[in-house]
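Chemist: I need the structure of the sequence given here:
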Amino acid sequence: MSSVTAVIDVRTPEEFATGHLDGAVNIDWQGATFFEEIAQFDPADTYIIYCRSGNRAGQAIDALTDMGYVNLTNAGGVSDAAAVTGLPIVQ
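Modeler: Numbers count the residues shown, from 1 in each chain. Here you go, the predicted structure:
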């Protein structure tokens with residue numbers, strides 16, 4: 001089991017550009033390449049996933065769970081995720 005934690009922002013690139021957690025990877029849940037992009041991540045790693053409100057993060061987590069990912073946390077919206085992780089919001 002891996003201990004790597006990645007922070008994934010599942011909002012659109014435009015939303016991501018308005019402010020995101022420092023070090024977060026942007027993979028648009030509603031984008032055409034979401035599943036291609038996420039497949040490059042190790043299912044054994046730990047992921048913190050957030051969006052604007054937690055809704056898209058929850059949908060992404062449901063899909064990732066179906067793909068065999070097990071260490072997933074819905075951190076809610078960007079401000080909530082900043083509070084949970086301690087990471088600053090950057091542009």
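Chemist: so where's the chain uncertain?
Modeler: 1-4 (pLDDT under 70).
Chemist: try 90
Modeler: Residues of the chain meeting the criterion pLDDT under 90: 1-5.
Chemist: And the helices in it?
Modeler: 13-17, 34-38, 55-66, 78-85 (DSSP state H).
Chemist: Turn the ones you listed into CSV, including mean neighbour count and distance to Val25.
Modeler: Quick note: C-beta positions are derived from backbone N, CA and C, even for glycine. Shown next, in CSV, are those (neighbours: other Cβ atoms under 10 Å; distance: least, Cβ to Cβ, whole Å):
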stretch, mean neighbour count, distance to Val25
helix 13-17, 13, 10
helix 34-38, 14, 9
helix 55-66, 17, 12
helix 78-85, 18, 13
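Chemist: Ok, which of the ones you listed comes nearest Ala6?
Modeler: In terms of Cβ to Cβ, the element of these nearest to Ala6 is helix 34-38, at 10.4 Å.
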